[in-house]
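In: Got a predicted structure plus its sequence, pasted below:
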Amino acid sequence: MIRIEIKRRDGLARTGSLLIDDTSLPFPAVIETETVFPSLGARGGSNIPLSAPAGFAATYIKNNGEQPIIIHPSVDNPADSGDCVIVPNWQTALSNPRNYVNWLVTLKEKTPPDTLWYAPGSALPSTVHILCYSGFDLFDFLAVDLKSAQGIFCTPEGDLPADAMNSGICTCAGCQNQDLKSHNRQALLHETALIRRFIEMSKLRELVEARCRMNANHVAILRHLDNQYIFFEPYVPVARSGVMRANSGESMQRVEVRRFAERLLSRYSPPKAGVAVLLPCSARKPYSLSQSHRRFQQAIAGRAHELIVTSPLGLVPRELECCFPAGHYDVPVTGYWDAEERAVISGIMSRYFARHQYNRVIAHLEGGALKVSEQAATECGITLEYSCKERPTSDAALLTLNQALSGERRVKDDRLHGMLSWQFNVDIDTRGITSRGHFPELFFSKGMTQLFSLDTGTGMLRPTFDGWNLIPAGYRVYIDDFIPEGDILAPGVVNADPEIREGDEVLVIGARAMAVGRAAMPAGEMHKSRRGVAVRVRKIKRLNG
Ligand SMILES: [Zn+2]
């Protein structure tokens, strides 16, 4: 009897427990196949190529209800919630990145999300990172044992000749005993444990961006998967806690980075302002806490809409500086922006200025950020004014900026309005709502009634029941006719608005109770899963009747 419990998600990757009878195994895991699936060796249909056409594959793949259930890109899904599924020959996909991603998308889309994924014969210390990142949870020792038989010493960075065992690279028990097979197995267990840890920290992407450098196919898989934005985006949480490290070229293509820009351009509603000032970013986040931004804000004195030009996000309006990942990213700063960065960011900026018009746009920038703004201005046909020649924080530059704004009217500071538009896709009248607290720990109320608070860990607004009254639609989870005792489990969900992602603030609505809380899985998984927490509930309100 096999049971799975998914605990944490990070994109397609998950951690959790595999319960086999009375024993519990944390996954991603490397298993002894004969112990966990004793009958697998005697079953047919486990050697069908991934490229086999539907007719051929369906003839030979026989599922008799025994675990694991064989799935194949061209065969209808035979698996049910809670099953363990196996994709035979997945190791062959690793050398064909385009097919790898196409097959993966096909398989993931037709298989229930609350299934455990087994890739037999595929995992090496050097491949298990990309396999977990692709949503595989179970592995075996077949591939490393084969390497041992070939006299190859396995490391996360790739294969080395067996004599590497004596070079001090590794000091595991296997190496100490001159036992290559034992070393290779331990190296796989060690790397799998490390990946589990990174998934728990929601930092698998950073590990994969680092690890994939050693193998061109792994880089290509990462890039092809990023290109599948429509498929991949729902799996990625809207916010994470901690810093998002954007240290590689691929960071530009991360779902979080692209989603920020998409929402900026499709949802965000700026305040009424005649003048925009383009500012450089700061290492400190949110920017307002930095020395340089305090000085910019003094010079501007509320007479312009402040827009921060930054890589990799593009453009961050002042009101969105706390939203994930604007308040949470770290990038290597050299002052040089490469051609791809410039193209992506000027594209975002020119689309923004085509959508939102200002009478004047003042560039208070230098270096790469200035170049990219000039490129954007040319693309969208606006004329920039300049308030500094170099060093935007210099006294002379700040004085010029101040003078450039003389006579301009104050722009209404409405952080709440901007954040609500970005997070909930709403345009809300915030008149009469006041904020208090010490930035960024802000609370928003009307009279004595608290409406929203800002979660500084994630940059998300948390509505109270009264706050939800202002949000007319969206981000609702509908439950059956019961009063929740605590968290809402997936089987209790009747419907969920499709835009909901893990980490989103949601309003739970049922016939007998309402609740506020945070989504623990995307809407699609709430519909398709039969296990797991769907919403972490903060507060429950019983309804009369
Ligand atoms: Zn070793």
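Out: Sure thing, it's come through.
In: Report the buried residues of the helix or strand of the chain with the lowest mean pLDDT.
Out: For the chain, using mean pLDDT, DSSP states H and E, the weakest element among its helices and strands is helix 33-36, scoring a mean of 88. Neighbour counts over helix 33-36 (16 or more other C-beta atoms under 10 Å) mark 33, 36 as buried. Every C-beta, even on glycine, is put in place using the N, C-alpha and C of the backbone.
In: Just the CA trace of that helix, in CSV.
Out: Only the C-alpha atoms of helix 33-36 are listed here, as CSV (Å, rounded to 0.1, in the frame of the first residue of the first chain):
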residue,chain,number,x,y,z
THR,A,33,13.1,-0.6,-6.9
GLU,A,34,12.9,-4.3,-6.0
THR,A,35,11.9,-3.3,-2.4
VAL,A,36,9.3,-0.6,-3.3
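In: Who are the packing partners of that helix?
Out: For helix 33-36, not one helix or strand is in contact under the criterion 3 or more C-beta pairs under 8 Å, 6 or more residues apart in numbering; DSSP states H and E.
In: Please renumber the chain so that the first residue is 5 from this point on.
Out: Sure, I'll start numbering at 5, so the last one becomes helix 37-40.
In: Can you tell me what sits against that helix?
Out: Residues from elsewhere that reach helix 37-40, judged by C-beta atoms under 8 Å, 6 or more residues apart in numbering: 6, 24, 44-45, 124, 144, 146.
In: contacting residues around the residue nearest the centre of the chain?
Out: Residue closest to the average C-alpha location in the chain (C-alpha atoms, centre = their mean): V240, at 3.5 Å. By C-beta under 8 Å, 6+ apart, the contact list for V240 reads 15, 259-260, 263, 505-506.
In: now swap in N221 and tell me
Out: N221 neighbours (C-beta under 8 Å, 6+ apart): 98-101.
In: so which helix or strand takes in the nearest residue to T387 once chain neighbours are set aside?
Out: Spatial nearest neighbour of T387, chain neighbours left out: A381 (6.8 Å); criterion: C-beta to C-beta, 6 or more residues apart in numbering. In the assignment (DSSP states H and E), A381 maps to helix 371-384.
In: Show me what that helix is packed against.
Out: By 3+ C-beta pairs under 8 Å, 6+ apart, helix 371-384 packs against strand 279-284, strand 309-314, helix 343-359, strand 364-367, strand 388-390.
In: If I take it and strand 279-284, what angle do their directions form?
Out: 140 degrees (axes from the mean of the first three to the mean of the last three C-alpha atoms, to 10 degrees).
In: and helix 371-384 with helix 343-359, angle?
Out: Using the same axes, to 10 degrees: helix 371-384 against helix 343-359 is 50 degrees.
In: And the residue of the stretch 5-154 of the chain that's closest to the ion?
Out: Minimum separation of the stretch 5-154 of the chain from the ion (C-beta to the ion) falls at P129, amounting to 10.3 Å.
In: tell me the secondary structure for G422?
Out: helix (DSSP: H, G, I helix; E, B strand; the rest coil).
In: Next, count neighbours for it.
Out: 22 (other C-beta atoms under 10 Å).
In: Now do the same contact list for it.
Out: 272-275, 321-324.
In: Then R12?
Out: Contacts of R12 by C-beta under 8 Å, 6+ apart are 18-20, 203-204, 206.
In: Give the pairing partners of the helix or strand encompassing it; include direction for each.
Out: Secondary structure assigned from DSSP H and E places R12 in strand 6-14. The pairing partners recorded for strand 6-14 under DSSP bridges are strand 17-24 (antiparallel).
In: pLDDT averaged over the partner strand, what's the number?
Out: On average, the pLDDT along strand 17-24 is 94.
In: how far does that strand sit from the chain's center?
Out: 20 Å (C-alpha atoms, centre = their mean, to the nearest Å).
In: beta partners of A500?
Out: V481.
In: Would you mind measuring from it to the ion?
Out: 47 Å (C-beta to the ion, to the nearest Å).
In: residues near that residue, how many?
Out: The burial count for A500: 26, using other C-beta under 10 Å.
In: Isn't it up against M530?
Out: Yes - contact criterion C-beta atoms under 8 Å: A500 and M530 qualify, at 4.5 Å.
In: Spell out which parts of the protein neighbour the ion.
Out: 174, 176, 178-179, 187 (C-beta under 5 Å from the ion).
In: Quickly list what D14 is bridged to.
Out: Applying DSSP bridges, one finds that D14 bridges with A17.
In: Give the residues shared as contacts by A500 and M530.
Out: What both A500 and M530 touch, as defined by C-beta under 8 Å, 6+ apart, is the set 481, 538.
In: Please, where are all the strands along the stretch 405-549 of the chain?
Out: All strands of the stretch 405-549 of the chain, identified by DSSP state E, counting those that start in this stretch, fall at 438-442, 445-450, 453-459, 464-467, 480-483, 492-493, 497-500, 509-513, 517-523, 537-546.
In: Direction included, what does the shortest one pair against?
Out: When pairing is defined by DSSP bridges, strand 492-493 lines up against strand 537-546 (antiparallel).
In: quick check: angle from the strand it pairs with to strand 509-513?
Out: Going by the same axes, to 10 degrees, strand 537-546 makes 60 degrees with strand 509-513.
In: Give me the below-cutoff pLDDT ranges for the stretch 155-304 of the chain.
Out: The stretch 155-304 of the chain contains no residues with pLDDT under 70.
In: Where do the helices of it begin and end?
Out: 177-180, 184-204, 208-215, 220-231, 233-236, 259-270, 295-304 (DSSP state H, counting those that start in this stretch).
In: Out of these, which is closest to V247?
Out: helix 208-215 (9.3 Å; C-beta to C-beta).
In: what comes into contact with that closest one?
Out: Taking C-beta under 8 Å, 6+ apart as the rule, helix 208-215 contacts 14-15, 17, 130, 133-134, 136-137, 160, 198-199, 202, 222, 226, 249, 251-252, 254-255, 258.
In: Among those, the buried ones, what's the PyMOL command?
Out: Only the buried entries of the contacts of helix 208-215 go into this PyMOL selection, using 16+ other C-beta under 10 Å:
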select buried, resi 14+15+17+130+133+134+136+137+160+198+199+202+222+226+249+252+254+255+258
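In: one step back: next helix or strand past the least confident helix or strand of the chain?
Out: Next element after helix 37-40 (DSSP H and E): helix 58-64.
In: how about that next one: buried residues?
Out: Applying 16+ other C-beta under 10 Å to helix 58-64 flags 61-62 as buried.
In: Paired strands for whatever helix or strand comes next after it, with orientation please.
Out: Per DSSP H and E, the first helix or strand lying C-terminal to helix 58-64 is strand 73-74. Applying DSSP bridges, strand 73-74 is found paired with strand 88-90 (parallel).
In: pLDDT on the strand it pairs with, on average?
Out: 95.
In: Could you identify the helix or strand that succeeds it?
Out: Assigned by DSSP H and E, the successor of strand 88-90 is helix 94-97.
In: helices or strands next to that following helix in the packing?
Out: Taking 3+ C-beta pairs under 8 Å, 6+ apart as the contact cut, helix 94-97 packs with helix 101-114.
In: gap between the helix it packs on and the chain center?
Out: 19 Å.
In: How about R395, nearest residue that isn't a chain neighbour?
Out: Closest to R395 by C-beta to C-beta, 6+ apart is A401, at 6.1 Å.
In: now H309
Out: A277 (3.8 Å).
In: same question, C174
Out: Going by C-beta to C-beta, 6+ apart, C174 has H187 as its nearest residue, at 6.2 Å.
In: For the one you found, give its distance to C179.
Out: 5 Å (C-beta to C-beta, to the nearest Å).
In: And H228, by the same measure?
Out: H228 is 36 Å from C179, by C-beta to C-beta.
In: Next up, the contacts around L193.
Out: V34.
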